[in-house]
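Trainee: Give me the fold of what follows.
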Amino acid sequence: MLVQVLGTAAGGGLPQWNCACPSCTGARAHPHRRRRHASLALSAGDGRWFLVNATPDIGDQIEDTPALRPGPGPRQTPVAGILLTDAELDHTLGIARLREADGFDVLATRPVRHALLERLRLGTTLAPYTRIVWSELGTAPRPLTPGGTVEVAALPVSAKRPRYAVDLPPDPPGQDGWVAALSLRDTVSGRTLLYAPALARWSDTFQRAAEAADCVIVDGTFWDDDEPIRTGISPRTATGMGHLPIEGENGTAHRLARMRARCLYTHLNNTNPLGDPDAPQHKLLRDRGLEVAADRMVIEL
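Mentor: All right, here's what the predicted structure looks like:
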């Protein structure tokens, strides 16, 4: 299984277009610090690729990745579809950007699919442009493509809805599939990737999945729980915004440090000190055997 990291930033990217904080200003002055919205590309075999989340940067991300560029036919593309972890705008706006395609698949959990089709009305809006097959992504592993060697399953990690869907009818009891981690398994090698760019709670189910995985790429939105309040971007803590912090009592670093898997952080907010490659927090993570994912990184499993 071949995985290409297309982006590692939280909503707004780094730099964010309307932000003049030190991190965004530094990224403008030093282009190597720039980060596109968090996304992956996954090889499904036979030259087909699936994107994990469709970000506002999707056009540039495809152009910047040779394996995703069109050809050999004039309108032939290796991009076969999209896997969604949630219904947030920074993970779904890129779907509309693919309207020039002849067709593609979108796999999402039931509440995510409902929000995109009934609230954003993406199905109705894009139907005159392209053919989209909307499939439900559940907790049971399913082949990414018919007869393919990569299986995908969703692990619910949060009931947090995007702002545009907060007034939809209440969810049935026990349903928390608004935000999911994706477990991606290569049935030939037996190796597994666990991808969770948004993580509101560390459940026993998530713990077991992380222990079984060979690579874990997890929510690194905020360094500590008070970061949103301290930097003035929100009156809520990181946990209150649906993101477990990296450091601290509720942090994920001490949990990941005990894993056998290769563990990396993604989805960095522009307030996170890890946006500066010279920040001392990078060494703190390295000392624990942890990494920060980088745009254009390739992971082979």
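
Trainee: which residues in the chain form helices?
Mentor: Secondary structure of the chain, counting by DSSP state H: helices at 22-29, 58-63, 89-92, 94-97, 110-114, 122-126, 204-212, 227-230, 253-256, 281-286.

Trainee: need the contact list for residue 52.
Mentor: For residue 52, the residues meeting the contact criterion (CB atoms under 8 Å, 6 or more residues apart in numbering) are 39, 40, 41, 42, 82, 83, 85, 182, 195. Where you see a C-beta, it was placed from the backbone N, CA and C, and this is true even at glycine.

Trainee: Distance to residue 117, neighbour count and pLDDT added to these, as TSV?
Mentor: Putting the contacts of residue 52 into TSV (distance: CB to CB, whole Å; neighbours: other CB atoms under 10 Å; pLDDT from 0 to 100) gives the following:
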residue	distance to residue 117	neighbour count	pLDDT
39	21	29	98
40	24	27	98
41	24	22	98
42	24	23	97
82	14	23	98
83	16	24	98
85	17	30	98
182	20	24	98
195	23	27	98
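
Trainee: Grab the two from the residues you listed that are most spread out in space.
Mentor: Maximum pairwise distance in the contacts of residue 52, criterion CB to CB, is 14.4 Å, between 41 and 85.

Trainee: Just give me the neighbour total for the residue lying closest to residue 165 once chain neighbours are set aside.
Mentor: Spatially, and ignoring its direct neighbours in sequence, residue 165 is nearest to residue 115 (4.5 Å; CB to CB, 6 or more residues apart in numbering). Per other CB atoms under 10 Å, the neighbour tally for residue 115 reads 23.

Trainee: how near is residue 115 to residue 189?
Mentor: Residue 115 sits 35 Å away from residue 189 when distances are taken as CB to CB, to the nearest Å.

Trainee: same check, this time on residue 291
Mentor: For residue 291, the distance to residue 189 (CB to CB) stands at 21 Å.

Trainee: if I read this right, residue 292 contacts residue 282, doesn't it?
Mentor: Yes: counting by CB atoms under 8 Å, residue 292 touches residue 282, with 6.6 Å between them.

Trainee: shared neighbours, the two?
Mentor: Both residue 292 and residue 282 are contacted by residue 274, under the criterion CB under 8 Å, 6+ apart.

Trainee: Quick check, pLDDT for residue 103.
Mentor: The score at residue 103 is 97. That number is its pLDDT.

Trainee: Does residue 259 touch residue 216 like I think?
Mentor: Yes: contact between residue 259 and residue 216 holds when scored by CB under 8 Å: they sit 6.4 Å apart.

Trainee: So for these two, which residue has more residues nearby?
Mentor: A count of neighbours by other CB under 10 Å puts residue 216 above the other of residue 259 and residue 216, at 27 against 19.

Trainee: Which residues lie in contact with residue 194 in this structure?
Mentor: Shown in contact with residue 194 (CB under 8 Å, 6+ apart): 155, 181-184, 209-210, 213, 215-218, 261.

Trainee: Just the ones in strands from those, please.
Mentor: Secondary-structure check on the contacts of residue 194 using DSSP state E: residues within strands are 155, 181, 182, 183, 184, 215, 216, 217, 218.

Trainee: Name the member of those with the most neighbours.
Mentor: When neighbours are taken as other CB under 10 Å, the top entry among those is residue 217 (30 neighbours).

Trainee: Looking at residue 292 and residue 282, which is more packed in?
Mentor: Neighbour tally, residue 292 and residue 282, criterion other CB under 10 Å: the higher count belongs to residue 292, 22 against 16.

Trainee: For the stretch 51-200 of the chain, give me the ranges with low pLDDT.
Mentor: Low-confidence regions of the stretch 51-200 of the chain, defined by pLDDT under 70, span residues 173-176.

Trainee: which residues of it fall in strands?
Mentor: Assignment of strands within the stretch 51-200 of the chain using DSSP state E, counting those that start in this stretch yields the ranges 79-83, 103-108, 131-136, 142-143, 150-158, 179-186, 192-196.

Trainee: Which other helices and strands does the third one contact?
Mentor: Other elements packing on strand 131-136 under the criterion 3 or more CB pairs under 8 Å, 6 or more residues apart in numbering; DSSP states H and E are strand 103-108, helix 110-114, helix 122-126.
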